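J.: Could you work out the structure for the sequence below:
(2 chains)
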Amino acid sequence: MENRKVRVRFAPSPTGGLHLGGVRTVLYNYLFARHHGGDFVLRIEDTDQSRFVPGAEEYIMQCLDWCGLHPDESPVKPGAYGPYRQSERKALYRQYAEQLVAQGNAYYAFDTPQELEQMREKHKTEHHQAQYDSRTRGFMRNSLTLEATEVTSLLQAGTPHVIRIKMPEHESLVFTDMIRGEVHFDTSVVDDKVLLKADGMPTYHLAVVVDDYLMEITHAFRGEEWLPSAPVHLLLWQYLGWSGKMPQWAHLPLILKPDGNGKLSKRDGDRLGFPVFAMDWTDPRTQEQTVGFKERGFLPEAFVNMLAMLGWNSGMEQELFSMDELIQHFSIGRVHKGGAKFDYEKAKWFNNQYIQKTDNDVLAGLVLPFLEGKLEEADLPRIAAAMGMVKDRMHLLTEFWPQAAYLFEAPAETDIASVQAKWKPEHKVFFEAFASRIDAASEWTEESAEQLFNELVTASGLKKGEVMLPLRIMLVGGKFGPAVFAIAAFIGKEETAARIRSVISGL
RNA sequence: GGCGCGUUGGUCAAUCGGUUAAGACGCCUCCCUUUCACGGAGGAAUGACGGGUUCGAUUCCCGUACGUGCUACCA
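T.: Down below sits the predicted model:
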């Protein structure tokens, strides 16, 4: 396990953003690498410039930083194995593609998009979709069908062309996936994938093999959707003569939508009301905005913990793991084969657990961005104190204000109906007296407030129960919140008396 | 259509041939709390189907069904 490298790749998706599946793939890569004391390498796939979204790269780095997933080598700066952006490695790929052509494992293809379209139309049957493969390549314009001299002249003339792998006709391929065990393929069902595009950029297939080799990657994790193209990569490693250096593969299960089936998409989040991206993302081309877990009020530790448990299990009953504990316990063999449906309720439970165990001062700082325009001035110690009173009922940081607003200002709305339901004239007398006693009080703490209240209850002959709820509603506005005298102490005696009088006068 | 992969409660999931088939989320009941929540106790709820192998299958094998992924000069 020495000199172990685990690398993660992902492409800034055409729509931008970094969704749950992407973060989890990075997370598992990271955990595996750290567990085995290896390096965590990140590489940016920007081979398709036409779909590359400006800003996506910076956005991804911010998301990973928020999650605490830090690569050992910056993917945006030169490094020992850099550069790490495929667009900056462009010159590297051609020679390997040419090598394959020279060896007879690949060939030039000059077909135009129209010709490809025609071929697919012409050769497809009811039971078979036409591919560029051993059955059809003989009919196409490529270096296998054209005369050598013609190929040379076409190349010299700068004719647009691609390099395609020449898939063997009937070869059985087997490789061992770290999660799924032996996976078998027949090469006859795989088409002659393009390796080098007409613009000189490699496709994923070529880039992934060349980069993994040059970056000395030993373990590579990717989504299950890549499994069908594994035979192409396997063959490439063989043809290039690097078989002994091929990394071990792990194909991760998919994250599925909560209702029905299918891969979780951004749309499902919009439709069902939960985030799918790690952080807010605005598509620079469409200005379309997508909300992220961070901005929805998630703690990164909770987000990471939740994601780790979606497809992996330690085998213990423990569910709450810090990043260090995840690293300690992570094992690729315990990653599930089947996809997991995302459950937003459980995600919120994780967040609640982390909110409860996070320090109030820290939470106060984190909740500040959500208090924009709510408070005239941010009194951090006071927010922290309020946090301590309400955090056990918060599932999201955004819930702080709805849960604690009455600690900072008189309730905007008061549930008068619940007060009136059992209101008696004696109650009015009682509360008027209570307000006066508050004015005269020399001490004002949770204990003293309750004591004052209790004394008056006894003197008035009322039952404590019948005046407790009205008091709560006067101070809070509704039937919720922490201990009522703790609230009274927090808002101060003047404010307490004022709120009581305000409600009484309105009755 | 072809090929790959998968399938334990509503959801996340443990079990690596023998268990009363864990635990968590959610749901329900109760306790705590003169509110809500947290916390505590309890409850309902699971091996897709059909064949094998075996003394014994959730577990191993085959088939079926269902789901899902791929089948681009996208990753």
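
J.: got a list of what A:Gly79 touches?
T.: Taking C-beta atoms under 8 Å, 6 or more residues apart in numbering as the criterion, A:Gly79 is in contact with A:Glu73. Backbone N, C-alpha and C define where each C-beta goes, glycine included.

J.: Now do the same for the closest residue to A:Phe434 other than its chain neighbours: helix, strand or coil?
T.: For A:Phe434, ignoring the flanking residues on the chain, the nearest one in space by C-beta to C-beta, 6 or more residues apart in numbering is A:Leu456 at 5.5 Å. Reducing the assignment to helix, strand or coil with DSSP: H, G, I helix; E, B strand; the rest coil, the entry for A:Leu456 is helix.

J.: Quick one: residues contacting A:Leu456.
T.: A:Leu456 makes contacts with A:430, A:433-434, A:437, as judged by C-beta under 8 Å, 6+ apart.

J.: what domains does the record give for chain A?
T.: Structural domains assigned to chain A are A:89-208, A:416-504, following automatic domain parsing.

J.: got JSON lines for the ones you listed, with mean pLDDT and distance to RNA strand B too?
T.: As requested, the domains of chain A are exported to JSON lines (pLDDT from 0 to 100; distance: least, C-beta to the nearest atom of the strand, whole Å):
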{"stretch": "domain A:89-208", "mean pLDDT": "94", "distance to RNA strand B": "3"}
{"stretch": "domain A:416-504", "mean pLDDT": "95", "distance to RNA strand B": "2"}
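
J.: can you put those in TSV and add distance to A:Leu64?
T.: Supplementary listing: the domains of chain A in TSV, determined by distance: least, C-beta to C-beta, whole Å:
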stretch	distance to A:Leu64
domain A:89-208	20
domain A:416-504	37
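
J.: Any idea which of those gets closest to A:Leu227?
T.: The stretch from those with the least distance to A:Leu227 (C-beta to C-beta) is domain A:89-208; that distance is 6.9 Å.

J.: chain center to the closest one, what's the gap?
T.: In terms of C-alpha atoms, centre = their mean, to the nearest Å, the centre of domain A:89-208 is set 35 Å apart from its chain centre.

J.: Ok, stretch A:264-279 next?
T.: Per C-alpha atoms, centre = their mean, the centroid offset for stretch A:264-279 relative to its chain is 10 Å.

J.: For the stretch 151-300 of chain A, just list every one of the helices.
T.: For the stretch 151-300 of chain A, the helices identified by DSSP state H, counting those that start in this stretch occupy A:204-214, A:230-239, A:266-272, A:300-308, in order along the chain.

J.: taking the ones you listed together, which one is wrapped up most tightly?
T.: Mean neighbour count (mean count of other C-beta atoms under 10 Å) peaks for helix A:300-308 among the helices of the stretch 151-300 of chain A, with a mean of 24.

J.: Can I get it as PDB, trimmed to CA atoms?
T.: Once side chains and other backbone atoms are set aside, the C-alpha atoms of helix A:300-308 remain, and they are given as PDB (Å, rounded to 0.1, in the frame of the first residue of the first chain):
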ATOM      1  CA  PRO A 300     -20.600  20.600   5.900                       C
ATOM      2  CA  GLU A 301     -19.900  17.900   8.400                       C
ATOM      3  CA  ALA A 302     -23.500  16.800   8.400                       C
ATOM      4  CA  PHE A 303     -23.600  16.900   4.600                       C
ATOM      5  CA  VAL A 304     -20.500  14.800   4.300                       C
ATOM      6  CA  ASN A 305     -21.700  12.300   7.000                       C
ATOM      7  CA  MET A 306     -25.000  11.900   5.300                       C
ATOM      8  CA  LEU A 307     -23.500  11.400   1.900                       C
ATOM      9  CA  ALA A 308     -21.000   8.900   3.200                       C
END
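
J.: Excluding its own residues, what touches it? List them.
T.: Contact partners of helix A:300-308, identified using C-beta under 8 Å, 6+ apart, comprise A:20, A:23-24, A:27-28, A:31, A:66-69, A:278, A:293-294, A:319-323, A:326, A:330, A:346-347, A:350-351, A:353-355.

J.: Buried residues in the helix or strand following that helix, which are they?
T.: For helix A:300-308, the following helix or strand on the C-terminal side (DSSP states H and E) is helix A:323-329. Neighbour counts over helix A:323-329 (16 or more other C-beta atoms under 10 Å) mark A:323, A:326-327, A:329 as buried.

J.: now stretch A:360-378
T.: Judged by neighbour count (16+ other C-beta under 10 Å), stretch A:360-378 contains these buried residues: A:360, A:363-364, A:366-367, A:371.

J.: so can I have a markdown table of those showing secondary structure?
T.: Output for these, formatted as a markdown table (three-state DSSP):
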| residue | secondary structure |
| --- | --- |
| A:Asn360 | helix |
| A:Leu363 | helix |
| A:Ala364 | helix |
| A:Leu366 | helix |
| A:Val367 | helix |
| A:Leu371 | helix |
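
J.: Looking at those, spot the one nearest A:Ala220.
T.: Of the buried residues of stretch A:360-378, the one sitting nearest to A:Ala220 (C-beta to C-beta) turns out to be A:Leu366, at 34.8 Å.

J.: distance of the closest one from A:Met387?
T.: 10 Å (C-beta to C-beta, to the nearest Å).

J.: With A:Ser74 instead?
T.: Plainly put, A:Ser74 is 36 Å away from A:Met387 if you go by C-beta to C-beta.

J.: Wait, A:Val276 touches A:Lys263, no?
T.: No. Contact criterion C-beta atoms under 8 Å: A:Val276 and A:Lys263 do not qualify, at 10.9 Å.

J.: ok, the two, which is more surrounded?
T.: When A:Val276 and A:Lys263 are compared for neighbours, A:Val276 comes out ahead with 25 against 15, by other C-beta atoms under 10 Å.

J.: Need the nearest residue in space to the more buried one, chain neighbours excluded.
T.: A:Gly269 (3.6 Å).

J.: my guess is the one you found contacts A:Trp281, does it?
T.: No. Contact criterion C-beta under 8 Å: A:Gly269 and A:Trp281 do not qualify, at 11.4 Å.

J.: Where does the most far-flung residue of chain A relative to its centre sit: helix, strand or coil?
T.: Among the residues of chain A, the one whose C-alpha is farthest from the average of all C-alpha positions is A:Ala459, by C-alpha atoms, centre = their mean at 59.5 Å. Put simply, A:Ala459 is helix when judged by three-state DSSP.

J.: any idea how far the host helix or strand of A:Arg437 is from the chain center?
T.: Assignment of secondary structure by DSSP H and E places A:Arg437 within helix A:425-440. Centroid displacement of helix A:425-440 relative to its chain, using C-alpha atoms, centre = their mean, is 54 Å.
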